[in-house]
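Enquirer: Need coordinates for the following:
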Amino acid sequence: MTFSAFTSIFKIIIVVMPLKQLSMQKIIQLNSTITCPACGFAKEETIPEDSCQFFYECENCKTILKPKMGDCCVYCSYGSKKCPSVQQNNNCG
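Expert: Below is the predicted model of the structure:
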């Protein structure tokens, strides 16, 4: 491949997806450790990608966790990582 052909291909890629867009994409982390505020028990869980989880039962003390006021889900309230929507700087939902 010649340098000229390479630069033409590179320009096409930039037109399809500008560099600014590439740098703005984030890697979403789907593992979060939820810590129960009642007993302190912590467990790593997989965050659902397509919905918010409103309730979570602590495996240790059986307390039902609900999101704190202003949070959309239990991961945003009690997890080490926020839900995918919040990680992407979007509103939860």
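Enquirer: mind checking how far the nearest residue to residue 80 once chain neighbours are set aside is from residue 69?
Expert: In this structure, residue 80 finds its nearest non-sequential neighbour in residue 33, 4.3 Å apart by Cβ to Cβ, 6 or more residues apart in numbering. The way it works is simple: take the backbone N, C-alpha and C, and place the C-beta from them, glycine included. Separation of residue 33 from residue 69 (Cβ to Cβ, to the nearest Å): 22 Å.
Enquirer: The two - which one has more neighbours?
Expert: Taking neighbours as other Cβ atoms under 10 Å, residue 33 and residue 69 compare with residue 33 leading, 13 against 6.
Enquirer: so how far is residue 90 from the more buried one?
Expert: Here the criterion is Cβ to Cβ. By it, residue 33 lies 23 Å from residue 90.
Enquirer: Run through the protein and note the low-pLDDT ranges.
Expert: For the chain, the stretches flagged by pLDDT under 70 are 1-25, 91-93.
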